[in-house]
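# A structural model of the following input is requested.
(chains A and B)
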Amino acid sequence: MRNNPIRYIDPTGHVCSDPEDPTPSCENGAPPPPVTTPPPPPAPVVIINPDSLDDGQEQDDPGDVVTLPVEFNPPVVGLVVVALLLHPAIVLTEIGLIAGEVVLAPMIPANPLVLVPIEIALIATSVALLDLDVAYLSYTYQVITNPQEHHEFEILPPWGFDQ
Amino acid sequence: MSTIYFIIAAISGFGLTVGTLLRFRKRGDLRPHQHALILSVGFFITWLASFFAPFFAPESRAPNNGAIIFGIALAISTGLMTYAIVYIVMTIMERKK
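Numbers count the residues shown, from 1 in each chain, chains lettered A, B, ... in the order given. Model prediction:
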């Protein structure tokens, strides 16, 4: 019966692990040690190249290096200055267009073939100018509030507010 | 789709402004303050409706707080600017008469 492996105790005193260890790693019935997975390979290094003339060919390891150009936003001061000029100019133009529509509207019954297309053109111009105004001011607002990201000038609604 | 919502709101706003001006002009001559008030309120409503209309289109996101504040500020600034411009222009035109 001494060959029973369950009852067998090594007479030399060798044990698999410390009997007082609360987390034995190689006792009978204990869970196997966790399988260690090799770490993932490092991601390719992305270098944002601020100099557009630098082609990045002097890097040590060009195989893993991706060079991306930086897309800058226009300067905020310039955007604000243009906005301060553009917004009143568009409002002034809209007032003129509305005045034209008000003047032409009573004369439509007398000459509808000429005046109706003119009225439609005036309204279309008003809508287009309104869209341009909102689009430019929205773009300026987005550049001012989040200058770290590159913003595209979106001429159509919702003018970049859906991102 | 949001562009269609914007166009409908803008045309409605401009049409409302023109219609209101025509109705008041039929009643008699308008003073500069009345002219400026009608146009400024009309433009305020037009800008406000046109800005927020695309957000009500299907499959479009609701505006965040920044967009809401921006739209209201844009409409208020447009209304105030319209009042100032129309009042100055109409006052100058009245004096020339």
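# Just the closest residue of chain A to chain B, please.
Closest residue of chain A to chain B, Cβ to the nearest Cβ: residue A:157 (3.6 Å). Glycine gets a C-beta too; all of them are placed from N, C-alpha and C.
# Three-state assignment for that residue, please.
Here residue A:157 is recorded as coil under DSSP: H, G, I helix; E, B strand; the rest coil.
# What segments of chain B are helices?
Assigned by DSSP state H, chain B shows helices spanning B:2-27, B:32-52, B:65-96.
# how about stretch B:68-85: buried residues?
By neighbour count with 16 or more other Cβ atoms under 10 Å in any protein chain shown, stretch B:68-85 contains the buried residues B:70, B:71, B:74, B:75, B:77, B:78, B:79, B:81, B:82, B:83, B:85.
# what sits against the fifth one?
Residue B:77 makes contact with residue A:87 under the criterion Cβ atoms under 8 Å, 6 or more residues apart in numbering or on different chains.
# again with residue A:136
Residue A:136 neighbours (Cβ under 8 Å, 6+ apart): A:82, A:83, A:86, A:153.
# What sits closest to the last one if chain neighbours are left out?
Distance criterion Cβ to Cβ, 6 or more residues apart in numbering or on different chains; nearest residue to residue A:153, sequence neighbours excluded, is residue A:139 at 4.9 Å.
# That neighbour: which element?
helix A:112-145 (DSSP states H and E).
# and the angle from that helix to helix B:2-27?
120 degrees (axes from the mean of the first three to the mean of the last three Cα atoms, to 10 degrees).
# Buried ones in helix A:112-145, by neighbour count?
Buried residues in helix A:112-145 (16+ other Cβ under 10 Å): A:115, A:119, A:122-123, A:126-127, A:129-131, A:133-143.
# Point out the one among the helices of chain B that comes closest to residue A:94.
helix B:32-52 (7.0 Å; Cβ to Cβ).
# got the angle between the closest one and helix A:112-145?
Here helix B:32-52 runs at an angle of 70 degrees relative to helix A:112-145 (the same axes, to 10 degrees).
# hmm, who's touching helix B:32-52?
A:91, A:94-95, A:98, A:130-131, A:134, B:6, B:9-10, B:12-14, B:16-17, B:20-21, B:24, B:30, B:63, B:71-72, B:74-76, B:78-80, B:82-84, B:86-87, B:90-91, B:94.
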